[in-house]
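Colleague: Quick check, what structure comes out for this input:
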Amino acid sequence: MTLPELPLSTPSLLFPAISLLMLAYTNRFLGLAAVVRGLHANWQSTQEPILLAQIRSLRKRIQIIKHMQTMGVLSLMFCVASTTLLFFKQQTVGQITFGVSLILMLASLTLSLVEIQISGAALDLQLRDVKCREK
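Modeller: Presented below is the predicted three-dimensional model:
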């Protein structure tokens with residue numbers, strides 16, 4: 001099976017998307033790091049078990065974000081490699097490399113979805129004792 005020729009511009013379209021994803025992931029990581037530092041300081045002074053559970057959840061989310069960032073960086077690297085290969089008229093290898101880049105981006109986005117779900121569940125637990133009052 002022969003694939004149609006992949007223009008040099010196609011992998012280049014992913015550069016801004018991957019860069020924006022990486023910025024969003026970094027912001028999430030920095031936000032969680034600040035929360036962890038605050039919870040850790042609070043836990044050291046109070047030793048409340050609920051804080052320890054929250055810190056465990058945040059540790060899991062940070063691990064996921066690190067994997068998201070890794071997949072995003074690898075996706076960008078494969079995208080650059082694909083563009084380079086296409087520039088040097090290496091169509092087949094360039095197409096395969098671009099396919100790997102897309103798979104890595106999909107993995108990164110999937111991990112992002114998992115992290116968002118964990119984050120939402122953690123917020124629901126935090127707010128479970130609050131009753132909403134309708135006017």
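
Colleague: Surely Val100 is in contact with Met77?
Modeller: No - proximity of Val100 to Met77 does not meet the contact threshold set by C-beta atoms under 8 Å, at 9.8 Å. The way it works is simple: take the backbone N, C-alpha and C, and place the C-beta from them, glycine included.

Colleague: Just the element for the most centrally placed residue in the chain, please.
Modeller: Residue closest to the mean C-alpha point of the chain, counted by C-alpha atoms, centre = their mean, is Met68 at 3.2 Å. Met68 belongs to helix 49-87 when assigned by DSSP states H and E.

Colleague: on that earlier part again, from what I can see the residue nearest to the centre of the chain touches Ser108, true?
Modeller: Yes - using C-beta under 8 Å, Met68 is in contact with Ser108, at 5.1 Å.

Colleague: What residues sit buried inside the helix or strand encompassing Gly38?
Modeller: Using DSSP H and E, Gly38 sits in helix 14-46. Neighbour-count burial for helix 14-46, counted by 16 or more other C-beta atoms under 10 Å, picks out 14, 18, 21-22, 25, 28-29, 32, 36, 39, 43.
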